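Q: attaching a predicted model along with its sequence, questions to come.
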Amino acid sequence: MNPLICARCGEFTDRPGVDAADPAGAVLYCADCGHREPFRRLPLLCVTGPSGTGKSTVARLLLDSLSQRFVVLEQDLLWTGGLRDSDTEHPLFRTTWLRTAAMIQQNGRPVVLCGTVVPPEFEDLPERALFSDIRYLALTCDPEVLATRLRARPAWRQWDEPRIAEMLDYARWVEESAHEMEPPVELLDTTGVPAERTADQVARWAVRAASANDAPPAPDQRSGAAGVSARDSTPPH
């Protein structure tokens, strides 16, 4: 079902109405005819981070470990055609993903969305109301390692030196401002870590983060759990 189209009158809205305070659970309501219907309002889990930190590799590995409880999707799948909007925060692309994830979660499983995104690109959109929470885990790695990974990519991906330098600046900004964002972004360093271990860490983070009542996981070096690790800084303008 499309949460933007009323099941009774058929009217479309680009600002979905959600009543999260209903005692019976979240309810979608139509501003035109007043129709109300139950709606599964689940958390959205974003595995994010700069290009080259391992998101796509981890997404493939997560399919085995999380497929019984979550739907794992890779964000770049829709980075095509008219969705490549030129605005800095790509609102059309972001909106499309929130709408897609909102429909998918009606099957009863939260979505794990793997792809570069930060809270300001999701949190202010009208479709944010369709989710009980959005949690963010950013994969990071050493700048030299990141640059090496990007240079090794196939030519069609067009990672020239100016673009690599831009991504390194972005990576530094993410690490330095992660704890200042709303909500805070947790960090997981993938430098020198086998992809399988990173995928296991991400899977355990997803299971914890899926519960809206759980506090964000704290760093745990013994178990390899993900936690916030950022330096004080001011984001660039």
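A: That came in fine, so what should we check first? Numbering: from 1, shown residues only.

Q: alpha carbons only for contacts and neighbour counts from here, please
A: Fine.

Q: quick one: furthest residue from the center of the protein?
A: Distance from the C-alpha centroid of the chain, by C-alpha atoms, centre = their mean, peaks at residue 33 (33.1 Å).

Q: which SS state does the residue nearest to it when sequence neighbours are not counted fall under?
A: Distances taken as C-alpha to C-alpha, 6 or more residues apart in numbering place residue 9 nearest to residue 33, at 6.7 Å, with adjacent residues excluded. Following DSSP: H, G, I helix; E, B strand; the rest coil, residue 9 is assigned to coil.

Q: quick check, residue 9 in contact with residue 31.
A: No: with contact defined as C-alpha atoms under 8 Å, residue 9 does not reach residue 31; the gap is 10.5 Å.

Q: which stretches in the chain count as strands?
A: 17-19, 27-29, 36-38, 43-48, 71-74, 111-114, 133-140, 186-189 (DSSP state E).

Q: which elements pack onto the fifth one?
A: Strand 71-74 makes packing contacts with helix 55-66, strand 111-114 when contacts are defined by 3 or more C-alpha pairs under 8 Å, 6 or more residues apart in numbering; DSSP states H and E.

Q: mind doing that once more with 10 Å?
A: strand 43-48, helix 55-66, helix 91-104, strand 111-114 (3 or more C-alpha pairs under 10 Å, 6 or more residues apart in numbering; DSSP states H and E).

Q: and the spatially most central residue of the chain, how close does it get to residue 122?
A: Residue closest to the average C-alpha location in the chain (C-alpha atoms, centre = their mean): residue 46, at 2.2 Å. As for residue 46, its distance to residue 122 is 10 Å (criterion: C-alpha to C-alpha, to the nearest Å).

Q: low-confidence regions, the protein specifically.
A: Applying pLDDT under 70 to the chain picks out residues 212-237.

Q: re earlier: which residues touch the residue nearest to the centre of the chain?
A: 72-73, 75, 111-119, 134-138, 185, 206 (C-alpha atoms under 10 Å, 6 or more residues apart in numbering).

Q: name the residues of stretch 15-29 that are buried.
A: 16, 17, 18, 19, 20, 26, 27, 28, 29 (16 or more other C-alpha atoms under 10 Å).

Q: same thing with stretch 188-195?
A: Buried, per 16+ other C-alpha under 10 Å, within stretch 188-195: 188, 189, 190, 191.

Q: can you give me the end-to-end span of it?
A: Span of stretch 188-195 from end to end, C-alpha to C-alpha: 12 Å.

Q: gap between that stretch and the chain center?
A: Relative to the centre of its chain, stretch 188-195 is centred 19 Å away, using C-alpha atoms, centre = their mean, to the nearest Å.

Q: just give the number of residues close to residue 158.
A: 12 (other C-alpha atoms under 10 Å).

Q: thanks again, I'm all set now.
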